[in-house]
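In: pasting the sequence and the predicted coordinates here, then a few questions.
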Amino acid sequence: MKIMVPGLVSLVAGAGFGAAVSLANALSSPYTTLGAPLTGTVWGSAAKVLSLLVGLGWAWAALAVLMGWRARTWTRGAVAGAVALVAATAAYYPMDASMRDEPLALYWPEMLMWWTASVLFGSVLGVVGAAIERPGVTGLLAGLTVPVGGAAQMIMLPPRPGLAFARETVLAEALIWTALVIGAGWAVHRFRAARSTRADGRPVGRRGAPDRGNTPGAVQRRW
């Protein structure tokens, strides 16, 4: 039961994420039935920015890490991360086939490849997410995984599909870099806060907060 609940949450979240990515891609494309009427409008530009934000690999990795963080333990985190990416893949390709009016059979080889990758990498990323709550260097490195990985992707494979969407691309890259910096800053802040708490001589709980109930001289309330 403890594994089933995170698994069900990951299943729903993953399927919703995969369908949302496919829908954003369709709305941003001038070659689809949904996207053609939006071409040249502010809604088309917004759809393009959203497509660039959620279509990158770091966003899919963040999904698995988030589900693992919710699961708390390494075992449940591994299951949650893998299930989230498998469900996202299972929702993405049928949605894409429907939007493009193409047979789903064309996508089976690619789906199988990404399902395999989802199980392998999703389980690892889920464990990383569960480790974020660990104190010390372990939690710091886990918290920096998505920001550092996302920064590496932005440097080596920036989302620049063409000059036609130059403004949308600049905005998307600015939003992505902002999110990555905030994520890295949060991880470092948690690590430094936990270290200063330990320096005060107070026990640190699992989330890095001082355990005031066990602090010498603390008053125990009984009501």
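Out: On my side now, so go ahead. Residues are numbered from 1 along each chain as shown.
In: buried sites along stretch 143-158?
Out: In terms of neighbour count (16 or more other Cβ atoms under 10 Å), stretch 143-158 has its buried residues at 143-151, 153-154. Backbone N, C-alpha and C define where each C-beta goes, glycine included.
In: secondary structure, pLDDT and distance to residue 105 added to those residues, as TSV?
Out: Output for those, formatted as TSV (DSSP: H, G, I helix; E, B strand; the rest coil; pLDDT from 0 to 100; distance: Cβ to Cβ, whole Å):
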residue	secondary structure	pLDDT	distance to residue 105
143	helix	96	41
144	helix	97	41
145	helix	96	36
146	helix	96	34
147	helix	96	38
148	helix	96	38
149	helix	95	33
150	helix	94	34
151	helix	95	38
153	helix	92	31
154	helix	91	35
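In: from these, which is closest to residue 11?
Out: Nearest to residue 11, judged by Cβ to Cβ, of the buried residues of stretch 143-158 is residue 146 at 21.1 Å.
In: that closest one - nearest residue in space that isn't next to it in sequence?
Out: residue 62 (4.9 Å; Cβ to Cβ, 6 or more residues apart in numbering).
In: I'd say that neighbour and residue 147 touch.
Out: No. Between residue 62 and residue 147 there is no contact under Cβ atoms under 8 Å: 9.4 Å.
In: how close does the residue nearest the centre of the chain sit to residue 174?
Out: Geometric centre of the chain, nearest residue: residue 62, 1.8 Å, by Cα atoms, centre = their mean. According to Cβ to Cβ, to the nearest Å, residue 62 and residue 174 sit 18 Å apart.
In: sorry, back to before: got the confidence number for the residue nearest to residue 146?
Out: pLDDT, residue 62: 96.
In: other residues contacting the strand or helix carrying it?
Out: Element membership for residue 62, per DSSP states H and E: helix 57-71. The contact list for helix 57-71, computed with Cβ atoms under 8 Å, 6 or more residues apart in numbering, reads 6, 9-10, 13-14, 17, 53, 77-85, 88, 121-122, 125-130, 132-133, 145-146, 149-150, 153-154, 176, 180.
In: how about stretch 16-23?
Out: Stretch 16-23 is contacted by residues 34, 51, 54-55, 60, 63, 84, 87-93, 95-96, 99 when judged by Cβ under 8 Å, 6+ apart.
In: list the buried residues for the helix or strand just after the helix holding residue 62?
Out: Per DSSP H and E, the first helix or strand lying C-terminal to helix 57-71 is helix 74-99. By neighbour count on 16+ other Cβ under 10 Å, the buried set for helix 74-99 is 74-97, 99.
In: over to stretch 34-47?
Out: So for stretch 34-47, counting by 16+ other Cβ under 10 Å, buried means 35, 38, 44-47.
In: average pLDDT for it, rounded please.
Out: 91.
In: cheers, nothing more for now.
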